[in-house]
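A.B. asks: From the sequence below, what's the structure:
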Amino acid sequence: MTVRVLVVARRKSDEARQSSSVVTRSAFVAAGLAATCAPACAARSDVDARIARAVAASSGTVGVWARKLDAPAPIVYNPDVVFPTASISKVLILLSLFQLSEHNPAIFERRITLKLSDFVGGSEVLDSYEPGASLTVAALARAMIDQSDNTASNVLIDLLGFDRIAATIHGADLKHTQLKRHFMDVNAVVGHSENLTTPRDIGSLLYQIERGSHEGVHTVASSASCRKMIDILLRQEDRDKIARGLPKGVPLANKTGEIDGVRNDVGIIDPFGESPYVLAVLTKDLDDFSLGNIAIRRIATAVHGALY
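C.D. replies: The predicted structure is shown next:
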C-alpha cells in the first residue's frame with residue numbers, strides 16, 4: 001500500500017512539473033509575441049490617431065487607404081465610403097489604354113484629329129490647339145496625366161468607349177467604382193457626379209500596378225505596362241496634396257482630382273525604391289477646400305512616418 005501511494009504521489013508530481021512547464025512555455029511564447037507586436041501595434045495606434053486628428057480638423061468626409069507592398073493589411077479610415085472621383089478616375093482611362101495596347105501596340109502612335117465639340121474647360125495643354133489639329137494617343141495620355149487635361153481625357157474616353165473602361169474596372173475587381181460621364185459634364189460640375197470610387201478600390205488598383213512593376217508579374221496589366229504607367233504618373237504636375245506631406249525628394253507617382261467640395265489624391269510613394277507603398281486620400285462635402293488639402297498633407301505625413 002505504501003509503494004502504491006508513493007507511485008501515485010510521484011506521478012502527480014511529474015504531472016505538476018509538466019503542467020508548470022507547459023504554462024511556462026506558453027507564457028514565454030505569449031511574451032515573445034507581445035514584445036514583437038508592441039512596436040508595430042504602437043505605430044499603428046499612433047498613425048490611426050494622427051489620421052483621426054487630421055480628419056477632425058477638416059470639414060466634410062474623408063477616406064483613407066494605405067498599404068506598403070507585401071504588408072499583410074492596409075491602414076484604413078472610411079475605406080468603403082463612396083466618393084466622387086474627380087480627375088483621379090483618369091488612372092482608369094490610362095490603365096484601359098495600356099490594356100488595349102497589349103493587343104494593339106500601335107495604338108499609342110495613332111493620331112486623333114480634334115473637333116470643335118471636343119474642347120472643354122480645364123484643358124491647359126489642348127487649349128493651345130485648334131480644331132483640325134491632330135495629336136498622337138501617347139501625347140493625349142501624357143496631357144491627361146501631366147496636367148490633367150480634360151479635353152485629352154474626353155478624347156481618350158471616346159477612343160476607348162465607356163464599355164471598355166467598365167470592363168477594365170470589372171476586371172480589376174473594383175466593386176464600387178464607375179466612370180459614366182465625360183469630364184466637365186454639366187451634371188458633374190453641379191455636383192451630381194456619376195464617376196465614383198472608394199479609397200479601397202482606387203488604392204488597391206495602384207497597389208496592383210506597383211506590384212506588377214516591382215515583382216515583374218502580370219496583375220491588372222503586364223509588368224512592362226505597369227512600369228510605363230508609373231513613369232507617366234511620376235510626371236504628374238499637381239504637387240499640392242500628398243507631395244507636400246512627404247519629405248523633399250521622395251518620388252511620388254500620383255493623380256489628383258478636384259471638383260466642388262472634393263479634393264482627392266492617390267499615389268505610389270517611391271515606386272521604384274526598396275519600400276514602396278500606396279496612399280489614397282479622398283474627400284467630399286468640403287466647406288473649405290483648403291482644409292481638405294491640409295488634411296491630405298497631414299495624413300500623408302502620418303502614413304509616411306508609419307510605412308516608409
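A.B. asks: From here on, just use CA atoms for contacts and neighbour counts.
C.D. replies: Noted.
A.B. asks: Show the low-confidence segments of the stretch 1-150 of the chain, by residue range.
C.D. replies: Under the criterion pLDDT under 70, the flagged ranges of the stretch 1-150 of the chain are 1-43.
A.B. asks: quick one: the strands in it?
C.D. replies: Along the stretch 1-150 of the chain, the segments classed as strands by DSSP state E, counting those that start in this stretch run 61-68, 75-77, 83-84, 111-113, 134-136.
A.B. asks: and G249, how many neighbours?
C.D. replies: A count of neighbours around G249, defined by other C-alpha atoms under 10 Å, yields 8.
A.B. asks: Secondary structure element for it, which one?
C.D. replies: Taking DSSP states H and E as the definition, G249 sits outside all helices and strands.
A.B. asks: Which one, of the strands of the stretch 1-150 of the chain, ends up nearest to R181?
C.D. replies: Distances from R181 to each of the strands of the stretch 1-150 of the chain were compared using C-alpha to C-alpha; the shortest belongs to strand 83-84, at 11.7 Å.
A.B. asks: Could you list the residues in contact with that closest one?
C.D. replies: Strand 83-84 is contacted from outside by S193, E194, N195, L196, T197, T198, V262, L282, T283, K284, using C-alpha atoms under 8 Å, 6 or more residues apart in numbering.
A.B. asks: Name the nearest of those residues relative to T256.
C.D. replies: Within these, distances to T256 taken as C-alpha to C-alpha reach their minimum at L282, with 9.6 Å.
A.B. asks: Return the backbone torsion pair for the closest one.
C.D. replies: phi -120, psi 150 (degrees, to the nearest 10).
A.B. asks: So the residue nearest to it when sequence neighbours are not counted versus F98, what's the distance?
C.D. replies: Distances taken as C-alpha to C-alpha, 6 or more residues apart in numbering place N264 nearest to L282, at 4.5 Å, with adjacent residues excluded. Distance, N264 to F98, by C-alpha to C-alpha, to the nearest Å: 23 Å.
A.B. asks: These two: which is more packed in?
C.D. replies: The residue with more neighbours, out of N264 and F98, is N264; 28 against 23, by other C-alpha under 10 Å.
A.B. asks: quick one: which of the strands of the stretch 1-150 of the chain is nearest K175?
C.D. replies: Of all these, the one in closest proximity to K175, counting by C-alpha to C-alpha, is strand 83-84 (13.1 Å).
A.B. asks: what about T301, which helix or strand?
C.D. replies: The secondary structure element spanning T301 is helix 289-307 (assigned by DSSP H and E).
A.B. asks: returning to that earlier point: could you export the contacts of strand 83-84 to JSON lines, including columns for neighbour count and pLDDT?
C.D. replies: Converted to JSON lines, these look like this (neighbours: other C-alpha atoms under 10 Å; pLDDT from 0 to 100):
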{"residue": "S193", "neighbour count": "20", "pLDDT": "70"}
{"residue": "E194", "neighbour count": "18", "pLDDT": "89"}
{"residue": "N195", "neighbour count": "20", "pLDDT": "95"}
{"residue": "L196", "neighbour count": "18", "pLDDT": "97"}
{"residue": "T197", "neighbour count": "25", "pLDDT": "98"}
{"residue": "T198", "neighbour count": "26", "pLDDT": "98"}
{"residue": "V262", "neighbour count": "25", "pLDDT": "96"}
{"residue": "L282", "neighbour count": "31", "pLDDT": "98"}
{"residue": "T283", "neighbour count": "30", "pLDDT": "98"}
{"residue": "K284", "neighbour count": "23", "pLDDT": "97"}
